[in-house]
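> Prediction below, plus the sequence it came from.
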Amino acid sequence: MYVWIWRHLPGPLVVRLLQTLLLLTAVVALLMLVVFPWIEPQLPWNDVTVTGGSG
């Protein structure tokens, strides 16, 4: 998959590296801002209760 993306990016090596960095940043931003907040309430470990004393 990564080879396919790399081969389809236009430009010389420096431009491809910048495009790869931009794509990676966009994917991480999409995950952090949209996907993870949407899925977090559906995870089973949301109801955490901490009990105990002082050590």
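Received the coordinates, thanks. Everything numeric in this text was worked out from a predicted model, so none of it was measured.
> Please count neighbours and contacts with C-alpha atoms only from this point.
OK.
> Against Phe36, how distant is Leu17?
Distance of Leu17 to Phe36, computed by CA to CA, to the nearest Å: 27 Å.
> got it, and Leu21?
Counting by CA to CA, the gap from Leu21 to Phe36 is 21 Å.
> any weak-confidence spans in the chain?
Along the chain, segments meeting pLDDT under 70 span 46-48, 53-55.
> next helix or strand past the longest helix along the chain?
Looking across the chain with DSSP state H, the single longest helix is helix 13-30. Remark: after helix 13-30, the chain's next helix or strand is helix 36-39, criterion DSSP states H and E.
> Would you mind putting the CA coordinates of that following helix into CSV?
C-alpha atoms of helix 36-39 as CSV (Å, rounded to 0.1, in the frame of the first residue of the first chain):
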residue,chain,number,x,y,z
PHE,A,36,-11.1,8.8,18.4
PRO,A,37,-13.6,11.2,20.0
TRP,A,38,-16.5,9.5,18.1
ILE,A,39,-15.5,6.0,19.2
